[in-house]
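> Build the 3D model from these lines:
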Amino acid sequence: MRKGMSHSARSAMFAPLGQVGRAEAVAARLVDAITLGLLADQEQLPSEADLAAQFGVSTVTVREALVALRQQGLVETRRGRSGGSFVRAPADPPSDAWRSRLREVSLSDLRDVGDHYLAIAGAAAKLAAERSSPEDVARLRLATDDLRTAQGIDFTRAERQFHLEVAAAAQSPRLTHEEVHLQSELGGLLWLPLGPAAHSCEEHAAITAAISSADGDLARKLTEEHILSALDRLADVHLGLLTP
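A predicted model of the protein is given here:
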C-alpha cells in the first residue's frame with residue numbers, strides 16, 4: 001500500500017473539533033484516521049501539544065485520548081530521544097467480528113445510511129470532475145492501483161481511501177468531513193472484500209476517467225452505481241446471516 005494521502009484529506013481529519021473537546025471525540029477522530037489509512041502503520045503522531053493545537057483542545061484531553069488508543073492497541077509509546085506515540089495499524093479482523101457487527105445493524109438502517117452516503121459520494125464525484133487538479137487525478141489513479149493486489153483489510157482501506165481522495169478532490173472541506181463521518185459509520189462494513197477486486201478496480205478506473213475528463217454527471221452516476229453494488233452485496237450477506 002502507498003503511504004500518504006492528499007493534504008486536504010489529512011487536514012479534514014485533524015481539523016478543530018466542532019464542540020467542546022472531549023477525550024472520546026479526539027480518540028474517535030484518531031481511530032478514524034488510522035482505520036482509514038490516513039495514518040500509516042508505524043507513523044509517528046504529532047506531539048501532544050501539536051495535536052492539542054490542531055484539535056483545539058487541552059493537552060490533558062489529548063493525553064486521555066492516547067491512553068484510550070493504547071488500550072485498543074492502535075498506538076504504542078516509545079521512550080527516549082526518538083520516542084513518542086506511534087501508530088499500530090490493525091490487522092485483519094476475525095470474520096466473526098464483522099459478522100457480529102453486521103447482525104447488529106438492521107436492514108433499514110443499512111439502507112438509510114447507504115442513501116446518505118450515496119448522496120454525499122455522488123455529489124463529491126461530480127464536484128471533483130469540475131474542480132480537481134492533475135495532482136488530484138494522479139492520486140485517484142494511485143488509489144485505484146492500490147486495489148489491484150489488495151486483500152483483506154488492505155482491500156477495505158484501499159476502497160475507503162479512494163472515496164476519501166474523491167471527496168478531497170471536490171475541494172469542499174464540508175464534503176470531506178461528511179465523507180470521513182460516513183466512512184467511520186459504515187465504511188468498515190460497506191467495503192468488506194465481498195466482491196472481486198478486479199471488478200472494483202474497473203469501476204474505480206471508470207470513475208477516475210470521468211473525473212479526469214470533467215464529466216461530472218458521469219462521475220456521479222458511476223460512483224452511485226459502484227456504491228449501490230456494494231450495498232446490494234452487503235444486504236445479501238446481512239440476509240444470509242439472519243437466515244437460520
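
> And the lengthiest helix in the chain, what does it pack against?
Longest helix in the chain, counting residues (DSSP state H): helix 216-242. If contacts are counted by 3 or more C-beta pairs under 8 Å, 6 or more residues apart in numbering; DSSP states H and E, helix 216-242 sits against helix 95-103, helix 107-131, helix 188-190, helix 197-212. (Each C-beta comes from the backbone N, C-alpha and C, glycine too.)

> okay, these in CSV with mean pLDDT and distance to V60 next?
Output for those, formatted as CSV (pLDDT from 0 to 100; distance: least, C-beta to C-beta, whole Å):
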stretch, mean pLDDT, distance to V60
helix 95-103, 73, 32
helix 107-131, 94, 34
helix 188-190, 78, 30
helix 197-212, 93, 42
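
> For those, give me TSV that also has mean neighbour count and distance to I153.
Below are the helices and strands packed on helix 216-242 laid out as TSV (neighbours: other C-beta atoms under 10 Å; distance: least, C-beta to C-beta, whole Å):
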stretch	mean neighbour count	distance to I153
helix 95-103	12	10
helix 107-131	18	20
helix 188-190	21	9
helix 197-212	20	13
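
> Tell me which of those helices lies nearest to A52.
helix 188-190 (27.7 Å; C-beta to C-beta).

> who's in contact with S200?
For S200, the contact set (C-beta atoms under 8 Å, 6 or more residues apart in numbering) comprises L147, E159, H226.

> What count of nearby residues applies to the second one?
It refers to E159. By other C-beta atoms under 10 Å, 25 other residues sit near E159.

> out of everything not next to it in sequence, what's closest to it?
W191 (3.7 Å; C-beta to C-beta, 6 or more residues apart in numbering).

> isn't that neighbour right up against A230?
Yes. At 6.6 Å, W191 counts as touching A230 under the criterion of C-beta atoms under 8 Å.
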